[in-house]
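1. here you go, sequence then predicted model.
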Amino acid sequence: MKNLEQQGEAARRAARVMMTASTGQKNEALAGMAQALLDGCADILAANREDLEAARQGGMSEAMLDRLALSEKRVQDMAEGIRQVQALPDPVGEIVEGSVRPNGLQVQKVRVPLGVIGMIYEARPNVTSDAAALCLKAGNVVILRGGKEAIRSNTAIVSALSRGLEKAGLPAECVQLVGDTSRESATAMMRMSGVLDVLIPRGGAGLIKSVVENSRVPVIETGVGNCHIFVDETADLKQATDIVFNAKTSRPSVCNAAETLLVHEAIAQQALPQIAARLAEKNVELRGCPRSCEILSQAVPAVESDWQDEFLDYILAVRVVRDLDEALAHIARYSTGHSEAIVTRDYENAMRFTREVDSAAVYVNASTRFTDGGELGLGAEIGISTQKLHARGPMGVLTLTSTKHVILGNGQIR
């Protein structure tokens with residue numbers, strides 16, 4: 001296996017090929033990658049079983065084991081995700097805007113690949129195929145450094161993707177996996193300025209903080225998801241119960257799962273028991289403010305860190321608030337800027353919530369679980385950006401491109 005320096009050199013060479021790859025070549029490669037995943041499903045699942053066994057022995061929680069686990073259906077979904085990316089318009093070469101200057105110069109802003117993208121991520125092996133597909137569609141090369149928990153799964157996935165690439169005549173080095181999952185390899189990637197054009201971390205708060213603070217390579221910061229749902233006094237209680245249940249329990253180990261429930265005091269006595277009864281179906285632990293604990297005998301008193309934490313588990317912080325103002329103040333203080341929702345039948349409150357909540361995705365009467373590239377029509381995503389420069393929210397194909405100015409003249413001088 002190549003070392004990281006050799007992988008970087010191979011990636012730069014492959015990037016020059018990708019700069020001129022046609023839409024047809026890229027789509028053929030994506031189709032081959034999707035089929036290779038299906039053809040290699042047995043090997044991928046065998047590798048994943050080894051990862052899961054090692055993770056169980058290491059004491060990984062059930063929620064995180066679900067995050068790591070693959071099945072035939074999940075591999076099929078990964079292949080389908082690649083096909084959805086294949087069907088997207090090719091962004092490379094698009095003229096974003098253009099003008100003609102008074103001196104006759106024709107100025108065009110043209111969309112181009114970023115180049116070589118590095119990605120450091122944890123646990124979820126489906127991220128490997130999503131990232132590879134998105135980067136390829138946007139004309140990029142990607143070096144992937146996953147976590148140790150999924151190294152066998154990721155190796156099998158990248159092996160399959162490489163076979164699909166080569167069949168289409170594109171370099172296998174367009175998608176590379178770093179075999180070393182030590183902290184040193186992550187640090188080394190952060191120092192690969194001149195090789196990597198951008199670095200994208202995706203995982204827990206510690207990983208993201210380390211990359212943002214230490215990288216010499218430009219970083220697109222993906223975010224921790226301390227996501228909130230506010231149930232307003234006018235909310236439809238059945239709708240609110242369904243939304244909270246879905247947002248918390250459909251897959252608690254992901255960043256768009258709800259972590260905090262805020263309920264208007266005027267509806268709390270009626271709403272909280274109903275919502276809690278539904279959450280009990282999944283044995284969700286409730287950590288409540290004093291007023292929540294008065295209403296719900298099963299709730300345990302919340303501590304300050306419960307309002308800040310991304311639990312990634314069957315745990316939900318619950319707080320009764322005086323009104324929309326207090327809900328907005330709580331979200332402003334504790335939110336990580338990922339996804340927040342309001343359940344309400346009051347149009348003015350809904351619109352105020354969308355205006356004043358400063359997060360990448362803001363929902364009215366819908367689950368936060370929709371903050372996902374596939375669900376929002378992007379085909380897939382390489383991460384959810386909670387920063388405000390270049391990209392924000394689910395990052396699809398367009399966010400993996402940059403632009404350059406092309407100026408056409410006929411002899412103009414200055």
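-> On my side now, so go ahead. Numbering: from 1, shown residues only.
2. list the buried residues of stretch 43-50.
-> Neighbour-count burial for stretch 43-50, counted by 16 or more other C-beta atoms under 10 Å, picks out 44, 45, 47, 48. For the C-beta atoms, the positions are set from N, CA and C on the backbone; glycine is no exception.
3. most widely separated two among those?
-> Greatest spacing in the buried residues of stretch 43-50, by C-beta to C-beta: 45 and 47 (7.3 Å).
4. how far does stretch 6-14 sit from its chain's centre?
-> Stretch 6-14 sits 26 Å away from the centroid of its parent chain (C-alpha atoms, centre = their mean, to the nearest Å).
5. I would like the residues contacting that stretch, please.
-> When contacts are defined by C-beta atoms under 8 Å, 6 or more residues apart in numbering, stretch 6-14 is touched by residues 2, 116, 141, 143, 170-171, 173-174, 176, 178, 192, 195-196.
6. mind putting the buried residues of stretch 43-50 in JSON lines, distance to residue 160 included?
-> Compiled in JSON lines, these are given as follows (distance: C-beta to C-beta, whole Å):
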{"residue": "44", "distance to residue 160": "7"}
{"residue": "45", "distance to residue 160": "12"}
{"residue": "47", "distance to residue 160": "11"}
{"residue": "48", "distance to residue 160": "13"}
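7. and those, which is closest to residue 373?
-> Taking these together and measuring to residue 373 by C-beta to C-beta, the closest member is residue 44, at 21.4 Å.
8. what about the closest residue to that closest one other than its chain neighbours, how many residues close to it?
-> In space, residue 44 comes closest to residue 156 once its chain neighbours are excluded; the distance is 4.5 Å by C-beta to C-beta, 6 or more residues apart in numbering. Around residue 156 there are 25 other residues, counting by other C-beta atoms under 10 Å.
9. helices or strands next to whatever helix or strand residue 156 lives in in the packing?
-> Per DSSP states H and E, residue 156 falls inside helix 151-167. Under the contact criterion of 3 or more C-beta pairs under 8 Å, 6 or more residues apart in numbering; DSSP states H and E, helix 151-167 touches helix 23-39, helix 41-57, helix 126-137, strand 175-177.
10. name the helix or strand of this protein that has the lowest mean pLDDT.
-> Lowest mean confidence among the helices and strands of the chain (mean pLDDT, DSSP states H and E): helix 62-68, at a mean of 87.
11. mind saving the C-alpha coords of whatever helix or strand comes next after that one as CSV?
-> Counting by DSSP H and E, the next helix or strand C-terminal to helix 62-68 is helix 72-87. Taking Å, rounded to 0.1, in the frame of the first residue of the first chain, the C-alpha atoms of helix 72-87 are listed here in CSV:
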residue,chain,number,x,y,z
GLU,A,72,-27.6,-5.8,1.7
LYS,A,73,-30.3,-3.1,1.7
ARG,A,74,-27.8,-0.4,2.8
VAL,A,75,-25.3,-1.5,0.1
GLN,A,76,-28.1,-1.2,-2.4
ASP,A,77,-28.9,2.2,-1.1
MET,A,78,-25.3,3.2,-1.5
ALA,A,79,-25.3,2.1,-5.1
GLU,A,80,-28.6,3.9,-5.7
GLY,A,81,-27.0,7.0,-4.2
ILE,A,82,-24.2,6.9,-6.7
ARG,A,83,-26.8,6.5,-9.6
GLN,A,84,-28.6,9.5,-8.3
VAL,A,85,-25.4,11.5,-8.4
GLN,A,86,-24.8,10.2,-11.9
ALA,A,87,-28.2,11.6,-13.0
